[in-house]
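Undergrad: Next come a sequence and a model predicted from it.
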Amino acid sequence: GAVVSQHPSWVICKSGTSVKIECRSLDFQATTMFWYRQFPKQSLMLMATSNEGSKATYEQGVEKDKFLINHASLTLSTLTVTSAHPEDSSFYICSARDYRGLYEQYFGPGTRLTVT
Amino acid sequence: AQRVTQPEKLLSVFKGAPVELKCNYSYSGSPELFWYVQYSRQRLQLLLRHISRESIKGFTADLNKGETSFHLKKPFAQEEDSAMYYCALIYNQGGKLIFGQGTELSVKP
């Protein structure tokens, strides 16, 4: 089956610094990846759609200058949380869409970000 | 607006009992609906999708357009079914998923 990895699995950073999270499709090419945010005991909230070779599309209310997304290759998308603040602490999950077969989305294991 | 609603945050049943996790949706077009499951300390994974009309791990879900529902059912719950279950809707060809709030299923021995 298709596998999506995320790195790091958890990160602690100081307020004001930037953090980069990587999302990789390991055994398939993904022209489209998605970034979600999940608060404790809550659902996944779509933040943005990452398209290879073009700008990301952000959902309403998501600051594009705060959450920089780069989809530089068919297997890698990165999310950079810039000038992080404690309220950015959350669980960030990516998914990659496999265009083979039924266009299923495969999810990464998530990255726990804690901003102190 | 597109919306997925799962009215129960927690559903607790005994092993062997039937289980039904409710999902209602709001969508103006032709919906494509999914159930995802997240076991403890594991990633989200697809359980089933309505267009496949299949049974996975004994679970089934039927799309009822009249009631705008896509309830997940299993006749005999097992302890290993304990997990978070999310109903989701794709609302455009780009593949964006809208998730419901999730229902935690707890199957007691």
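TA: That came in fine, so what should we check first? Residues are numbered from 1 along each chain as shown, chains lettered A, B, ... in the order given.
Undergrad: What segments of the chain are strands?
TA: Using chain A here. A:4-7, A:10-13, A:19-25, A:32-38, A:44-51, A:57-58, A:67-73, A:76-81, A:90-97, A:105-107, A:111-115 (DSSP state E).
Undergrad: that answer is for a different chain, and I need it for chain B
TA: Using DSSP E, strands in chain B cover B:3-5, B:10-14, B:19-21, B:24-26, B:32-38, B:45-49, B:60-61, B:72-74, B:83-90, B:97-99, B:103-108.
Undergrad: which other residues reach the longest one?
TA: It refers to strand B:83-90. With C-beta atoms under 8 Å, 6 or more residues apart in numbering or on different chains as the test, strand B:83-90 has contacts from A:43-44, B:2, B:4, B:6, B:21, B:23, B:25, B:27, B:31-40, B:44, B:47, B:70, B:72, B:96-100, B:102-105. Bear in mind the C-beta positions are built from the backbone N, C-alpha and C, glycine included.
Undergrad: what about it, average pLDDT?
TA: In this model, strand B:83-90 has an average pLDDT of 94.
Undergrad: Quick check: neighbours of that strand in the sheet, parallel or antiparallel?
TA: Strand B:83-90 has the following strand partners under DSSP bridges: strand B:32-38 (antiparallel), strand B:97-99 (antiparallel), strand B:103-108 (antiparallel).
Undergrad: just the third one next, same as before
TA: Applying DSSP bridges, strand B:19-21 is found paired with strand B:72-74 (antiparallel).
Undergrad: which other residues reach the partner strand?
TA: With C-beta under 8 Å, 6+ apart as the criterion, strand B:72-74 contacts B:18-21, B:23, B:35, B:47, B:57-61, B:81, B:85, B:87.
Undergrad: I figured residue A:88 was touching residue A:114, is that so?
TA: No - counting by C-beta atoms under 8 Å, residue A:88 does not reach residue A:114; the two are 9.4 Å apart.
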